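**Q** sequence plus predicted model, see below.
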Amino acid sequence: MNKELDAVALSIRSLSIDAIEKANSGHPGLPLGAAELAAVLYAKILRHNPKNPQWVDRDRFILSAGHGSMLLYAALHLAGYDLSLDDIRSFRQVGSRCAGHPEYGLTPGVEATTGPLGQGISTAVGMAIAEAMLAARFNTEEYRIVDHYTYALVGEGCLMEGVSSEASSLAGTLKLGKLIIYYDKNNITIDGSTDIAFTEDVTKRYEAYGWQVLHGSMYSYSDIEKLTAEAKKDPRPSLIILDSVIGKGAPAVEGTAAAHGAPLGQEKLAQAKKTLGLDPAKQFFVAPEAYRYFEERQKEFAQAEADWNSRFAAWSTAYPERRKEWDRSFVQGGIDQAILDGVADPVFKKDEMIATRAASKTALNAFAKAFPNLVGGSADLQGPNAVALQDAQSFTAATPQGRYIHFGIREFAMATITNGIQLHGGFRAFCATFAVFSDYLRPALRLAALMRIPSIFVLTHDSIFVGEDGPTHQPVETLASLRAIPNLLVLRPADAEETAVAWRIALEQKDRPVCLILSRQNLPILEKAEPQWKALMKAAGSYIVKDTIGTPDVTILATGSEVSLACEAAQLAAPKKVRVVSVPSKELLEAQTSSYKEQLVGSSAVRVMVAEAGVKQGWAGWVQSPEKDIFSIERFGESGPAKKVAEHLGFTAQALAARIKE
């Protein structure tokens with residue numbers, strides 16, 4: 001057996017160094033140093049079916065050290081996934097399915113986009129949470145239809161990144177026993193030996209988190225198999241530390257930083273091939289034994305899924321109601337549109353003053369009642385974010401059937417874990433924190449947008465109207481920075497009714513994440529001039545909330561709490577005729593036709609103004625004079641009661657009315 005695994009490992013090394021050399025770009029050190037792990041993982045450890053990468057109960061593997069992507073591509077190709085030698089030959093080229101770092105949705109068998117170090121292991125924590133939740137909901141004494149493991153490979157870089165600490169701490173607390181992480185311990189980073197910046201005792205660190213820590217050699221198949229089997233017996237998550245040599249088999253760079261991030265070059269490549277027993281004249285060599293071995297394994301891979309299918313069919317017959325819930329849970333994005341259409345929007349009293357965060361809680365719970373697979377939590381801000389789920393248990397080691405997740409004060413890990421839950425399937429996942437702390441989780445937001453997954457991010461306390469907490473907690477540049485992320489939908493509702501529609505819009509998304517930007521302060525329920533405002537909000541992200549008789553003199557585009565402020569200013573600005581347009585989504589509005597936009601503002605001759613409690617960045621294209629026509633805040637806030645802060649900054653309805661009259 002080792003002979004066959006040796007052929008697989010050799011082929012992984014061969015494909016990796018040739019692909020990197022051909023691209024003149026890449027990271028050969030990890031594929032050379034960890035080929036044995038990839039070989040035994042895909043050949044013997046993983047329960048998967050390469051012919052059906054979407055099998056629900058497959059084991060998941062995430063290459064957290066995504067710079068070593070050729071390790072993964074080579075293993076996927078050999079194992080029989082739909083990834084050809086031609087794909088590998090085009091590594092790192094435009095349009096290739098073998099991108100520089102693994103990209104979800106591009107390459108069969110890639111479970112998550114990785115490369116930004118630390119996010120892979122954190123995403124794996126989310127997948128392990130999803131597995132535990134599903135198992136608790138659907139498994140019975142007779143049938144275990146959810147029973148798989150989540151694996152990841154990390155290096156020193158992943159473990160140095162703070163997000164891995166956040167996520168690993170939570171994983172230990174939650175006792176995620178079906179999470180197994182392999183640590184490629186080669187003691188090298190780009191700058192040299194890890195001793196220059198990383199001397200901690202990783203074993204003690206992870207034991208302190210509540211993990212089982214095991215040790216072995218990267219170059220012993222038996223070590224890897226035995227340690228993995230041992231990890232599966234422990235109720236805690238496991239870190240398997242495998243001592244390795246970066247660039248193994250390439251004498252000129254072996255064990256040094258030179259192996260990390262650059263092609264070997266022809267001379268060193270030829271030397272490496274000779275050392276490995278390869279013919280330097282042959283490129284992209286695959287040992288015939290490696291192909292034959294995986295061809296034989298295909299029957300076993302397929303049989304594993306077939307056995308599960310039989311078990312699943314029997315379970316479905318025995319538990320038809322659970323099967324119905326399963327099917328509802330596993331539609332694209334986790335939300336069944338027919339059920340969503342049947343949920344009525346909450347009704348709010350017209351004279352009620354209510355913060356959009358409070359309205360969000362009402363809407364969230366209305367939808368959560370209809371969707372048991374709507375799960376999530378906050379970064380220790382359940383009350384302030386208003387995301388408590390009524391009659392819902394918390395997800396803990398003792399209550400894995402719970403659906404509310406206490407992430408702790410770990411915003412970055414919270415967001416990556418949310419992405420992991422969403423990627424796993426079976427759920428629609430949300431998380432929550434203060435808007436200003438979106439900076440802490442921004443890299444995960446970016447990856448959600450890049451992966452085209454519909455994670456939901458609830459961001460409350462959205463402006464200077466936070467008040468007494470002061471400038472550290474008053475976001476002014478945040479909206480502009482969020483809108484700068486491609487494929488991210490930002491929704492900032494103006495009142496309670498818009499908030500309910502915003503939640504509906506968020507849940508309808510299939511291929512992009514959503515940020516719900518919500519107020520701390522109470523806001524009035526607006527009288528809407530447009531009878532079809534809900535349909536327009538959903539389709540165009542905008543509608544006329546306050547209109548004039550005839551063509552307006554001024555049209556104000558406003559978002560969030562500034563819509564009611566603009567309506568008040570419109571009255572104060574009489575006899576000027578002022579139309580107020582609510583823009584819950586700038587992205588949806590800007591995707592509309594020119595004729596729609598012109599109709600919305602009145603005509604091309606109408607003066608357009610913008611009102612938003614943040615920087616003007618991004619709005620200049622809507623107005624003639626950004627300095628005069630954008631009512632914004634171009635500085636950090638102040639600490640004090642919200643009304644006093646607004647007066648101090650000159651951000652009041654009276655000040656806006658004066659600007660209108662200019």
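**A** Nice, I can see it.
**Q** tally of neighbours for K232?
**A** 13 (other Cβ atoms under 10 Å). Where C-beta positions appear, they are placed from N, C-alpha and C, glycine not excepted.
**Q** wait, it sits on Y149?
**A** Yes: contact between K232 and Y149 holds when scored by Cβ atoms under 8 Å: they sit 7.2 Å apart.
**Q** need the residues touching each of these two.
**A** 178, 180 (Cβ atoms under 8 Å, 6 or more residues apart in numbering).
**Q** export stretch 487-495 to PDB, keeping only CA atoms.
**A** Presented in PDB, the C-alpha positions along stretch 487-495 are these (Å, rounded to 0.1, in the frame of the first residue of the first chain):
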ATOM      1  CA  ASN A 487     -21.100  41.900  -4.900                       C
ATOM      2  CA  LEU A 488     -22.100  43.100  -1.400                       C
ATOM      3  CA  LEU A 489     -25.600  44.300  -1.000                       C
ATOM      4  CA  VAL A 490     -25.900  47.100   1.700                       C
ATOM      5  CA  LEU A 491     -29.400  47.800   3.000                       C
ATOM      6  CA  ARG A 492     -30.000  50.800   5.300                       C
ATOM      7  CA  PRO A 493     -33.800  51.000   6.000                       C
ATOM      8  CA  ALA A 494     -35.400  54.300   7.000                       C
ATOM      9  CA  ASP A 495     -38.100  52.900   9.300                       C
END
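**Q** pLDDT (mean, whole number) over it?
**A** Average pLDDT, stretch 487-495: 98.
**Q** what's the answer for stretch 275-290, then?
**A** pLDDT averaged over stretch 275-290 gives 97.
**Q** stretch 365-385 now?
**A** 98.
**Q** can you give me the end-to-end span of it?
**A** End-to-end distance of stretch 365-385: 13 Å, with Cα to Cα, to the nearest Å as the criterion.
**Q** from the chain's centre, how far out does it sit?
**A** 17 Å (Cα atoms, centre = their mean, to the nearest Å).
**Q** swap in stretch 593-600?
**A** 34 Å.
**Q** any buried residues in it, and which?
**A** 597, 600 (16 or more other Cβ atoms under 10 Å).
**Q** just for this structure, where's the confidence low?
**A** Across the chain, the ranges flagged by pLDDT under 70 are 1.
**Q** count of residues packed around A79?
**A** 25.
**Q** that one reaches Y42, doesn't it?
**A** Yes: using Cβ under 8 Å, A79 is in contact with Y42, at 4.5 Å.
**Q** what do the two both touch?
**A** H48.
**Q** got the CA coordinates for the helix or strand harbouring L37 in PDB?
**A** Taking DSSP states H and E as the criterion, L37 maps to helix 35-40. Extracted in PDB, the C-alpha atoms of helix 35-40 (Å, rounded to 0.1, in the frame of the first residue of the first chain):
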ATOM      1  CA  ALA A  35       2.500  15.600  -0.400                       C
ATOM      2  CA  GLU A  36       2.300  12.500   1.900                       C
ATOM      3  CA  LEU A  37      -0.600  14.100   3.800                       C
ATOM      4  CA  ALA A  38      -2.500  14.900   0.700                       C
ATOM      5  CA  ALA A  39      -1.900  11.400  -0.700                       C
ATOM      6  CA  VAL A  40      -3.200   9.500   2.400                       C
END
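**Q** list of residues touching that helix?
**A** 5-6, 8-10, 12-13, 16, 31, 71-72, 74-75, 153, 182, 184, 218-221, 224-225, 242, 248.
**Q** and that helix, which residues are buried?
**A** 35-40.
**Q** repeat that for stretch 540-553.
**A** 540-548, 552-553.
**Q** over to stretch 44-59?
**A** Buried, per 16+ other Cβ under 10 Å, within stretch 44-59: 45-50, 53, 55-59.
**Q** over to stretch 380-388?
**A** For stretch 380-388, by 16+ other Cβ under 10 Å, it's 380-382, 385-387.
**Q** gap between the two ends of that stretch?
**A** Terminal-residue distance, stretch 380-388 (Cα to Cα): 11 Å.
**Q** and the next helix or strand past the helix or strand harbouring D307?
**A** Applying DSSP H and E as the criterion places D307 in helix 288-318. In the C-terminal direction, the helix or strand that comes right after helix 288-318 (DSSP H and E) is helix 320-329.
**Q** show me which positions of stretch 327-341 end up buried.
**A** Here stretch 327-341 shows 328-329, 331, 333-336 as buried, counting by 16+ other Cβ under 10 Å.
**Q** from those, which is closest to F301?
**A** Nearest to F301, judged by Cβ to Cβ, of the buried residues of stretch 327-341 is S329 at 25.4 Å.
**Q** what's the closest one in contact with, if anything?
**A** 372-373, 426-427.
**Q** between those, which sits nearest Y293?
**A** Nearest member of the contacts of S329 to Y293, counting by Cβ to Cβ, is G426, at 33.0 Å.
**Q** pretty sure the closest one contacts L374?
**A** No: counting by Cβ under 8 Å, G426 stays clear of L374, with 11.3 Å between them.
**Q** give me the common contacts of these two.
**A** Joint contacts of G426 and L374 (Cβ under 8 Å, 6+ apart) are G334.
**Q** so what's the gap between stretch 213-229 and the chain middle?
**A** 31 Å.
**Q** now do the helices in the stretch 251-400 of the chain.
**A** 266-276, 288-318, 320-329, 337-341, 356-370, 382-385 (DSSP state H, counting those that start in this stretch).
**Q** let me know which of those is tucked in deepest.
**A** helix 356-370 (a mean of 22; mean count of other Cβ atoms under 10 Å).
**Q** one step back: nearest to E103 among the buried residues of stretch 327-341?
**A** Looking across the buried residues of stretch 327-341 and measuring by Cβ to Cβ, the closest to E103 is G333, at 19.2 Å.
**Q** surely the closest one is in contact with R512?
**A** No: applying Cβ under 8 Å as the test, G333 and R512 come out as separate, 10.2 Å apart.
**Q** overlap in contacts of those two?
**A** If you check G333 and R512 against Cβ under 8 Å, 6+ apart, the residues they both contact are P454.
**Q** SS state for the residue of the chain most remote from its centre?
**A** Going by Cα atoms, centre = their mean, the residue of the chain most distant from its centre is P575, 49.3 Å out. Secondary structure assignment for P575 (DSSP: H, G, I helix; E, B strand; the rest coil): coil.
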